[in-house]
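Asker: no sequence on this one, just coordinates:
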């Protein structure tokens, strides 16, 4: 499997987050296939955890529903193994560190690799606390994606980049995930500074709701991550699966067109 960075060579990358097993296992599988068939380069699969501190209300509610349904990492892994040859998009696990620690770091890495997952995002594990884990991932061929924000000093970003093999995830706003009316334009200076100093793809996430909203940032990023807006679509149309899949297709195509014209 080619490195994640190869995806960014000729286009800007669309990365969509979905909560693993949400709203139910069957619909989750249909959503995975729909995203994979419709211009989504990377699908970020959120592993359920009872205290998702980086996530806002929309994703928290989805996570609670999944936990109530007794869906766990092994349930999701079995689904992904069964779909391994049908999903064209690259897959990432987004997991807080507690589920990884409880499951076992080495066991988690082996499981991720066995079901075709390319890499991992751990939002509550900074590089200076998770150096050994990130080194294990890299040494075992599991890519790493670390987060930076508008208040992360450049020297620290340079250190974070040493433990990042996939792309840098730039958090557009301080706070939790969620749909915002707009993304602050003053982060453009941060994006420019990172692009001037770091030789890694840079993706913008948190608060993205439409292609129109990302236009001011396109010259300064290599891709976007969309989560809460997609989960909100699922919430709204989940009782009509045919309509839900159409809405998802329309949404991701609009984002893809905005990214790459």
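Answerer: Nice, thanks for sending it over. Note that the coordinates shown come from a computational prediction; the quantities given were computed from them, not determined experimentally.
Asker: I'd like the average pLDDT over whichever strand or helix holds residue 244.
Answerer: Element membership for residue 244, per DSSP states H and E: helix 241-260. Mean per-residue pLDDT for helix 241-260: 96.
Asker: show me what that helix is packed up against.
Answerer: strand 13-19, helix 25-37, helix 211-214, strand 223-226, helix 228-237 (3 or more C-beta pairs under 8 Å, 6 or more residues apart in numbering; DSSP states H and E). Any C-beta I mention is one placed from the backbone N, CA and C, and that applies to glycine too.
Asker: list the buried residues in it.
Answerer: Within helix 241-260, the residues that count as buried by 16 or more other C-beta atoms under 10 Å are 244, 245, 247, 248, 251, 252, 255, 256, 258, 259.
Asker: count of neighbours near residue 3?
Answerer: Burial of residue 3 is recorded as 13 neighbouring residues (other C-beta atoms under 10 Å).
Asker: test my guess that it contacts residue 144.
Answerer: No. Contact criterion C-beta atoms under 8 Å: residue 3 and residue 144 do not qualify, at 11.6 Å.
Asker: identify the contacts common to those two.
Answerer: 165, 166 (C-beta atoms under 8 Å, 6 or more residues apart in numbering).
Asker: returning to what we had before: switch the buried residues of helix 241-260 over to JSON lines; also include distance to residue 168.
Answerer: As requested, the buried residues of helix 241-260 are exported to JSON lines (distance: C-beta to C-beta, whole Å):
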{"residue": "244", "distance to residue 168": "32"}
{"residue": "245", "distance to residue 168": "32"}
{"residue": "247", "distance to residue 168": "30"}
{"residue": "248", "distance to residue 168": "27"}
{"residue": "251", "distance to residue 168": "25"}
{"residue": "252", "distance to residue 168": "22"}
{"residue": "255", "distance to residue 168": "20"}
{"residue": "256", "distance to residue 168": "21"}
{"residue": "258", "distance to residue 168": "21"}
{"residue": "259", "distance to residue 168": "17"}
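Asker: which two from those end up farthest apart in space?
Answerer: The largest separation in the buried residues of helix 241-260, counting by C-beta to C-beta, is between 244 and 259 at 22.6 Å.
Asker: quick revisit: for the helices and strands packed on helix 241-260, which one sits closest to residue 92?
Answerer: Across the helices and strands packed on helix 241-260, residue 92 has its closest neighbour in strand 13-19 (7.7 Å, C-beta to C-beta).
Asker: now the chain, which segments are flagged as low pLDDT?
Answerer: Along the chain, segments meeting pLDDT under 70 span 52-56, 174-182.
Asker: now do the helices in it.
Answerer: Taking DSSP state H as the criterion, the chain contains helices spanning 25-37, 57-68, 73-82, 97-103, 105-114, 127-139, 154-162, 188-197, 211-214, 228-237, 241-260.
Asker: so the residue nearest in space to the middle of the chain bridges to which residues?
Answerer: Geometric centre of the chain, nearest residue: residue 44, 3.7 Å, by C-alpha atoms, centre = their mean. Note on residue 44: beta-bridge partners residue 17, residue 92, judged by DSSP bridges.
Asker: what's near enough to touch it?
Answerer: Taking C-beta under 8 Å, 6+ apart as the criterion, residue 44 is in contact with 15, 16, 17, 18, 91, 92, 93, 94, 121, 225, 227.
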